[in-house]
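K.L.:
Coordinates for the following, if possible.
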Amino acid sequence: MNGNNSITIAQGKYLRLSTNKVRRILDLIRGKKCQEAILILEFLKYKPCKTIKKVLESAMHNATHNNQEDRTKLVISHAFANEGRKLKRFQPRAQGRAFPIHKPTCHIVIKIMAA
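P.N.:
Here you go, the predicted model:
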C-alpha cells in the first residue's frame, strides 16, 4: 500500500491521565515525523509522555506490519485525547460526611501516515 497515503490508527483507552495534561503534550508532537516525536517524548519530564510514546510506537508498528510503510517516512497526521469515564471515589471527612473525588480517564488516538 505504499504511495496511496493510507492512515494508520492506534488508540489507548481508559488511561488514568487528565485530558488537559495529555493534550498539552500532543500539541507538541502533532504534524512531526514519528522518529522526531519519539525523541521529544523521551526527553520531556511529564507523566503522560511514557503512555503517549507507547501509543505512538503501537501506531508505527501497525503501519509497518499491516501497511508495509517505511518507518522513517511516517508523520503524525492527527493526535487527540478525548475524555473517558471518571472513576468516582469518596474521601471521608469530619462528622460522617463524605466528599466526592473524581479521577479522570482519557482516550488517546494517534493517526499516522506516510509522507
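K.L.:
and the helix with the most length in the chain, what does it pack onto?
P.N.:
Counting by DSSP state H, the longest helix found in the chain is helix 48-66. When contacts are defined as 3 or more CB pairs under 8 Å, 6 or more residues apart in numbering; DSSP states H and E, helix 48-66 sits against strand 7-15, helix 19-29, helix 34-43, strand 74-83, strand 106-114. For every residue, glycine as well, the C-beta is placed using N, CA and C.
K.L.:
Tabulate these (CSV), appending mean pLDDT.
P.N.:
Shown next, in CSV, are the helices and strands packed on helix 48-66 (pLDDT from 0 to 100):
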stretch, mean pLDDT
strand 7-15, 96
helix 19-29, 96
helix 34-43, 96
strand 74-83, 96
strand 106-114, 96
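K.L.:
Which one of the ones you listed lies nearest to Thr51?
P.N.:
If you check each of the helices and strands packed on helix 48-66 against Thr51 by CB to CB, strand 7-15 wins as the nearest, at 5.7 Å.
K.L.:
All set now, cheers.
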